[in-house]
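Trainee: how would this look folded up:
(one chain, ligands or ions: 1)
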Amino acid sequence: MAFHFLVEISCSEGGNVMMLLSNRVAIITGGARGIGRGIAFKFAEEGCSTVIADVSVSEGRKTSEQIANKVRDKGHIFFQCDISDSHQVHDMVDHVIKRFGKIDILVNNAAINYMPKSITDLSEEEWDKALAINLKGAFLCCKAVVPHMKTNGYGKIINVSSLASIAPATPLACYTASKAGVLGMTLDLALDLAPFNICVNAILPGLILTDLWEPVLSKLPPGVTKEDFFAGLAKGVAPLQRMGTPEDVAGAALFLASDLSNYITGDRIIVAGGCPLKQIVIDFLSKSPTDSH
Ligand SMILES: NC(=O)c1ccc[n+]([C@@H]2O[C@H](COP(=O)([O-])OP(=O)(O)OC[C@H]3O[C@@H](n4cnc5c(N)ncnc54)[C@H](O)[C@@H]3O)[C@@H](O)[C@H]2O)c1
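Mentor: Next up, the predicted model:
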C-alpha cells in the first residue's frame, strides 16, 4: 500500500457569480509547479475545485495552500501520487470521488525530461522511466477517471503533450516518443469516449519557462547565464520572440476545460509563440555574402 500525504484546505462558499468552471472538479497531475500550477490557479479562479496530484509533497502542498488562500471559495486538495503507479492513481481517484462526488476535468500534465542526447547515449532505464511517467501515467489516470466521467455523462480530458511530438528540436527519443504517444492516445480516446460526451484534446507547448529546463540549465557553458540562455533561445526560435509562461498554457487549458469547447474533441492546440514557423528566405538572404549575387 503506497504512502500518501494529504492536505485539504476548505474555504467557505462564495457568491453566485457564474464563472467558466463553476462547480466543476478537476484533477491536475504535476500541478505542484510550472505549467500544472498555472493551470490549477487559472481553473480555481474560474470557480473550479482543484486536485493537485503530484510526487512533490512540499511544492504540492504549498501550491494548494496558495490557491486556497487566493481564491477562498472552494475546497482545494493536494494528494501525493506517483502517476506511474496504478495503485496510487486508484487511491487518488477514490479519494477525489469520496471528497467531491465527481470528476469533470482531468489534465494529464505530469512528465519528466532529461538533458538532450543521442539514442546511442540513452539508457534503457531512462527510456523506461520516461515512458512510464509521461505516457503510461497519462493512460493510468484516464483509465481510473473515465468510468466516473461516463457515469456523469460529461468529461473533459486535456493531455499536455509537447511541440516535440510533431517537431522535435533537440534529440531525446524517449521524451519525443512519449509525447507523440500522448498525442496518439488523445486521438484514440476522443473517438472511444465521444459517445459518452467526454471530449479529449491535447495541448502542445513550445518553449515554456519552467523548472523542466533544469537538466539543460545545469549544463550551460561557463559565462552563459540562465537569463542569456532563455533570451537567446526565445529570440532565435519563437516568432513571438519570448519564452512562453505557464499562464499562456493555462489559457488554452481553460478553453478546452470549459463549455466554450463542447464541440471540439480529438484536436490539439499549439501554444508555442508561433513555433515551429520559421522565417527562412529573409534570414538566408541576410546571411548570404552580397558579392555572390
Ligand atoms: N516547459 C516546457 O518548455 C514544456 C514544453 C513542452 C511540453 N511541456 C510539458 O508540460 C508539462 C508540464 O511541464 P513543466 O514545464 O511544468 O515541468 P515541471 O518539471 O516544472 O513540472 C512537472 C511536475 O510534474 C511532477 N511529476 C514528475 N513526475 C511525476 C510523477 N511520476 N507523478 C506525479 N507527478 C510527477 C513534478 O513533481 C512537477 O511538479 C509536461 O508534460 C511537459 O512535458 C513543457
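
Trainee: mind checking pLDDT for residue 237?
Mentor: Per-residue pLDDT puts residue 237 at 82.

Trainee: Over to residue 214?
Mentor: The model's pLDDT for residue 214 equals 89.

Trainee: Next to the ligand, which bits of the stretch 151-293 of the chain? Give me the list.
Mentor: 160, 162, 205, 207-208, 210-212 (CB under 6 Å from any ligand atom). Where you see a C-beta, it was placed from the backbone N, CA and C, and this is true even at glycine.

Trainee: Apply 5 Å and report the result again.
Mentor: Within reach of the ligand by CB under 5 Å from any ligand atom, the stretch 151-293 of the chain has these residues: 160, 162, 205, 208, 210-212.

Trainee: what about burial for those, which qualify?
Mentor: With burial judged by 16 or more other CB atoms under 10 Å, the buried subset of those is 160, 162, 205, 208, 210, 212.

Trainee: got a markdown table for these, with distance to residue 199 and secondary structure too?
Mentor: Compiled in a markdown table, these are given as follows (distance: CB to CB, whole Å; DSSP: H, G, I helix; E, B strand; the rest coil):
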| residue | distance to residue 199 | secondary structure |
| --- | --- | --- |
| 160 | 15 | strand |
| 162 | 20 | coil |
| 205 | 19 | strand |
| 208 | 23 | strand |
| 210 | 26 | coil |
| 212 | 26 | helix |
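
Trainee: Among the residues of the stretch 151-293 of the chain next to the ligand, find me the one that's closest to residue 188.
Mentor: Residue 188 lies nearest to residue 160 out of those, by CB to CB, at 16.8 Å.

Trainee: which non-adjacent residue is nearest that closest one?
Mentor: Nearest in space to residue 160, with sequence neighbours left out and distances taken as CB to CB, 6 or more residues apart in numbering, is residue 109 at 4.3 Å.

Trainee: list the contacts for the one you found?
Mentor: In this structure, residue 109 makes contact with 28-31, 35-36, 39, 160, judged by CB atoms under 8 Å, 6 or more residues apart in numbering.

Trainee: quick one, helices of the stretch 51-200 of the chain?
Mentor: With DSSP state H, counting those that start in this stretch as the definition, the stretch 51-200 of the chain shows helices at residue ranges 57-71, 86-100, 124-131, 137-152, 173-193.

Trainee: Determine the number of other residues adjacent to the closest residue to residue 153 other than its chain neighbours.
Mentor: Spatially, and ignoring its direct neighbours in sequence, residue 153 is nearest to residue 197 (5.4 Å; CB to CB, 6+ apart). Close neighbours of residue 197, defined as other CB atoms under 10 Å, add up to 15.
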